[in-house]
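Asks: Sequence below, structure please.
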Amino acid sequence: MSTAEKKTALVLIADGTEEMEAVITIDVLVRAGIEVTVASIKDNNEALKCSRGVRILPDTHLSALPLPTATATVTMTTQPHLYNVLFIPGGGPGAQAMVASPLVHQWVQVHMAAPGVLVAAICAGPTVLKAAQVAKGAQVTSHPSVRNDLDDYFVYLDDLKGEEAIVVHDRAHELMTSRGPGSTFALALRIVQEVKGKEVMESVRGPMMFP
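Replies: Residues are numbered from 1 along each chain as shown. Purely as a prediction, here's the structure:
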């Protein structure tokens, strides 16, 4: 798919989601012209209370969306309900709710299996990938508080230098992970660059006046 075609992203949220990670990512992707759907993992569209008390009103709830079928030939063409990006924010309680959700696991499994789809998770979000039993052996990072939950399943990285220290992109698994609220802009911009190209990423980054 060319970068000129419409790109879509699905952002999962729950009670206890880290609001900075969700909102910053949503905002940056929208600025890049990516069509974002914010889906609650609850079975209603009520506002969710995030980890610091901010409330987010989702666009829909996950059970209302058509679940793509997991097959060996799943692609963006054969499964129009796939998203180009599936994003999992952190926040301990929010991630735990997703870990406990079989429906979330199904959505993660289908998107991880689809070629050309980018899955991204931040902070405690990678624990959801492990719970869904996907991408075993992938290179990941996370918030340090959940490292012990991950390093027996993934190849855990936390000693890299520069930008790679806070955003890890395992291209073999089409998976991006990052560390926490402070690295959210870096992750969101990397997602934009991967999905829309470097020129679009720079056009989004510049007006935000990063130092």
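
Asks: hey, where'd the strands end up in this structure?
Replies: 8-13, 35-40, 48-49, 55-56, 60-61, 85-88, 118-122, 139-140, 155-156, 167-170, 175-178 (DSSP state E).

Asks: Of these, give the one that comes closest to Leu189.
Replies: strand 167-170 (8.9 Å; Cβ to Cβ). Every residue, glycine included, has its C-beta placed from N, CA and C.

Asks: helices or strands next to that closest one in the packing?
Replies: Judged by 3 or more Cβ pairs under 8 Å, 6 or more residues apart in numbering; DSSP states H and E, the packing partners of strand 167-170 are strand 139-140, strand 175-178, helix 184-196.

Asks: about what we covered before: to Lys130, which of the strands of the chain lies closest?
Replies: When the strands of the chain are compared (using Cβ to Cβ), the closest one is strand 139-140, at 9.2 Å.

Asks: Just the mean pLDDT for that closest one, thanks.
Replies: Averaging pLDDT along strand 139-140 yields 97.

Asks: Would you mind pulling the contact partners of that strand?
Replies: 121, 126, 129, 150, 154-157, 168, 170, 175, 177 (Cβ atoms under 8 Å, 6 or more residues apart in numbering).

Asks: in its sheet, what does it sit against?
Replies: For strand 139-140, the pairing partners within the sheet under DSSP bridges are strand 155-156 (parallel).

Asks: what does the partner strand contact?
Replies: With Cβ under 8 Å, 6+ apart, strand 155-156 has contacts from 137-142, 147, 150.

Asks: The one residue sitting closest to the centre of the chain: what's it in contact with?
Replies: Nearest to the mean C-alpha position of the chain, counting by Cα atoms, centre = their mean, stands Phe87 at 1.7 Å. By Cβ under 8 Å, 6+ apart, the contact list for Phe87 reads 9-12, 25, 119-121, 191.

Asks: I'd like to know which of the contacts of strand 139-140 are buried.
Replies: 121, 126, 129, 150, 154, 156-157, 168, 170, 175, 177 (16 or more other Cβ atoms under 10 Å).

Asks: Ok, which of the strands of the chain comes nearest Val110?
Replies: Closest among the strands of the chain, using Cβ to Cβ: strand 85-88, at 8.9 Å.

Asks: With only the CA atoms kept, save the closest one in CSV.
Replies: The C-alpha trace of strand 85-88 is given here as CSV (Å, rounded to 0.1, in the frame of the first residue of the first chain):
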residue,chain,number,x,y,z
VAL,A,85,-1.7,0.3,13.2
LEU,A,86,-2.8,-1.4,16.4
PHE,A,87,-1.7,0.6,19.4
ILE,A,88,-1.7,-0.5,23.0
